[in-house]
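S.K.: I would like the atomic coordinates for the input below:
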Amino acid sequence: MSEPINIFEINSKLDTDALAKQFAPNRRIQVRDVLTQDAAVELRKVMSDLTPWGMAMQAGFGEEPQDITLEELRDPQGNTRAQALNKASHDAAARGDYAFRYARYPLVKAYQEKWAPGGPHEVLIEHINTEPFLDLVRRVTGFDDLIKADGQATLFGRQHFLGLHSDEQVAEGWKIAYVLNLTIDDWKPDWGGYLVFYDENGDVFEGFMPRFNTLNLFAVPQAHAVTFVPPFAPHGRFAISGWFRDR
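M.R.: Purely as a prediction, here's the structure:
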C-alpha cells in the first residue's frame, strides 16, 4: 500500500538567498513551486473536495467583517442574512467604500473550536506554523522576528472580490501577508482574482496571477486588493491566506 501524501511538503530546491534578493527592493514576491507537486495537488483536493465553505463579507470601513457558516447558509434565516450582506457589500463597493465578498473557511477558529479534530484543515494550519515553513518565510523576507501565522482557506468564486486596503493592524502583530495559491493549473487573466498593488495615485504597478502552487509574500502595510472574478469565470480561485506575526 502506498504511503499517504504529505499535504504540506516544502520544495527542497528553493533558493532562499535568490528569493531574498528578489523580495528586498519592493518587499513583495511570488515564490513559484513552493510545495512539492504531489503535496500541492493533494492540498488542492482538500480545498476543492473537503472544505465546507461559508461566506465572509464586509460593507464599509466602519463595519465589522461578517462570517456565515455553511450550516447558516443552508438555513432560511441565515440565507436571508447572507443575501442582505451580499447587497450591502455590493452597495459599499459601488460608492467607493471598502468591501469584500468571498467564500471562506476560518482555519484558526475551526482549530481552536475543534470543528473537525484531526482533519486535513487542522493538519494544514499546524504545518503553516512549523519551524521549516516559518524559517522559509523568515529567510525570504528578512523578518527574523516571525513566530507564528494565522490562516484562512479562501475561494474567490464568481462576483467575489477584496477591495483596496493596506493591512495596518500593527497591534495584531501582522508583519508579512501571504497567499498560497491552489487554483487550477491554467488560470486565465480574464478570470480576475489577481493580487494587485497600487501606488499613491491609484495606479496598479504590480500584480500577481493566482498561478498554482505559488506563495505570495508581502510586508504590510501595502495598498492592495484582489480583483473581481467575473460571472463567466468557469472556476474559483482557491488559496490559503493570512499573516505571519511577531506576537
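S.K.: wait, residue 98 sits on residue 65?
M.R.: No: with contact defined as Cβ atoms under 8 Å, residue 98 does not count as touching residue 65 (10.3 Å). The way it works is simple: take the backbone N, C-alpha and C, and place the C-beta from them, glycine included.
S.K.: Of the two, which one has the most company?
M.R.: residue 98 (18 against 10; other Cβ atoms under 10 Å).
S.K.: By residue count, which helix of this structure is the longest?
M.R.: Longest helix in the chain by number of residues, with DSSP state H as the criterion: helix 76-94.
S.K.: Could I get the average pLDDT for the helix or strand that it is followed by?
M.R.: Where DSSP states H and E defines the elements, the next helix or strand beyond helix 76-94 is strand 99-106. The average pLDDT within strand 99-106 is 98.
S.K.: So which elements touch strand 99-106?
M.R.: Contacting strand 99-106 under the criterion 3 or more Cβ pairs under 8 Å, 6 or more residues apart in numbering; DSSP states H and E are the following elements: strand 54-59, helix 76-94, strand 152-156, strand 161-165.
S.K.: what bits of the protein have low per-residue confidence?
M.R.: With pLDDT under 70 as the threshold, the chain has low-confidence stretches at 1-5, 170.
S.K.: And the strands in it?
M.R.: Listed in chain order, the strands found in the chain under DSSP state E are 28-32, 54-59, 66-68, 99-106, 148-149, 152-156, 161-165, 174-181, 195-198, 204-208, 214-219, 224-226, 237-245.
S.K.: Okay, now the sheet partners of the fourth one, with direction.
M.R.: Strand 99-106 has the following sheet partners, assigned by DSSP bridges: strand 54-59 (antiparallel), strand 152-156 (antiparallel), strand 161-165 (antiparallel).
S.K.: how far off strand 161-165 does the longest helix of the chain point, in degrees?
M.R.: Using axes from the mean of the first three to the mean of the last three Cα atoms, to 10 degrees, the direction of helix 76-94 lies 50 degrees away from that of strand 161-165.
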